[in-house]
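Novice: Give me a 3D structure for the following:
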Amino acid sequence: MGNDDYGRFQLSLLQSWQLRGEAGTVHVAARQQRLISALAINGPRPRRYLVGLLWPESFETRALESLRVCVHLVSRQVPGLLVNGGAVLSLSELVDVDLHRVRAHIRELSELGLNGNAASCLNELRDADLLPGWYDDWVLFEQARLRQDRLHAFQIIARESLARSDYETALEASEAALGLEPLYESAVGLLIQAERQQGNNASAIRAFERYEAKLKDEMGIPPSTALRRLIADIH
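Specialist: Numbering: from 1, shown residues only. Below you'll find the predicted structure:
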């Protein structure tokens, strides 16, 4: 019996963890969720890699047994989700993972620039928090990596929207970047430019002053000469 006989799955790792099959939402225990998520994020991996990732503090024999039980439970509860290749485990090709779509859009932005609906792309990236509330070391690493990728994508959207005179989208993208990293100076500069182009000089000045105060409070340094020059043009 092939995986096609089981139908397709949708796995959400963004905002909240959810697995859906053709019959609806599938509820699995936290330990099984961690295995499924590790395979979704990292792709096919040897069993020994997975036990080191998921049970780093356990003895190898005990960790391998925990993995064996976990694989058995997932395979029994959600047939067709896992592909057991002996020493290597992976998710079925029939699993659609929202994280993969977001990463593909970020790559496209980086390689080709902003094409299509900027607002739709912005909304997708704004809501792309990976597994919030999960604190495993490997998850924290992936959260930080995706966060940096989103910051870069927001900057591309803001910069290209500004060049296209789409000032509202440029403003929203800059604010989204600053929501992730309040001391991201490039985003502050793009926000100030977007406010100026809309005639909102007072808002631009306030944005600069907020950034200046936060930078001084947290790092004890002033804004860059380029950013101060940008705001001086308004005055």
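
Novice: Does Leu151 touch Leu180 like I think?
Specialist: Yes. Here Leu151 reaches Leu180: they are 5.6 Å apart, a contact under Cβ atoms under 8 Å. All C-beta spots, glycine's among them, are computed from the backbone N, C-alpha and C.

Novice: wait, is Ser161 part of a helix?
Specialist: Yes. Assessed by DSSP: H, G, I helix; E, B strand; the rest coil, Ser161 belongs to a helix.

Novice: burial measure for Gly86, as a count.
Specialist: For Gly86, the count of nearby residues is 7 (other Cβ atoms under 10 Å).

Novice: State the phi and psi torsions of it.
Specialist: The phi/psi pair for Gly86 (degrees, to the nearest 10) reads phi 80, psi -100.

Novice: Now do the strand or helix carrying Phe208: everything it contacts.
Specialist: Using DSSP states H and E, Phe208 sits in helix 201-219. Applying Cβ atoms under 8 Å, 6 or more residues apart in numbering, the contact partners of helix 201-219 are 182-183, 185, 188, 191-192, 195-196, 221-223, 227, 231, 234-235.

Novice: filter those residues to the buried ones?
Specialist: The neighbour-count criterion (16 or more other Cβ atoms under 10 Å) marks Val188, Leu191, Ile192, Glu195, Arg196, Pro223, Leu227, Ile231 among these as buried.

Novice: ok, now which ones touch the second one?
Specialist: For Leu191, the contacting residues are Ala158, Leu171, Ser174, Glu175, Leu178, Ala204, Ala207, by Cβ under 8 Å, 6+ apart.

Novice: Out of the contacts of helix 201-219, which one has the lowest pLDDT?
Specialist: Taken together, these show their lowest pLDDT at His235, with 65.

Novice: Just the buried positions in stretch 102-122, please.
Specialist: Val102, Arg103, His105, Ile106, Leu109, Leu114, Ala118, Cys121, Leu122.

Novice: In TSV: those, plus distance to Leu146 and secondary structure.
Specialist: Below are the buried residues of stretch 102-122 laid out as TSV (distance: Cβ to Cβ, whole Å; DSSP: H, G, I helix; E, B strand; the rest coil):
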residue	distance to Leu146	secondary structure
Val102	8	helix
Arg103	8	helix
His105	12	helix
Ile106	9	helix
Leu109	14	helix
Leu114	19	coil
Ala118	20	helix
Cys121	15	helix
Leu122	16	helix
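
Novice: Outline the domain layout of this structure.
Specialist: When the chain is parsed with automatic domain parsing, its domains come out as 3-93, 98-232.

Novice: hang on, Val139 in a helix?
Specialist: Yes. With three-state DSSP as the criterion, Val139 is part of a helix.
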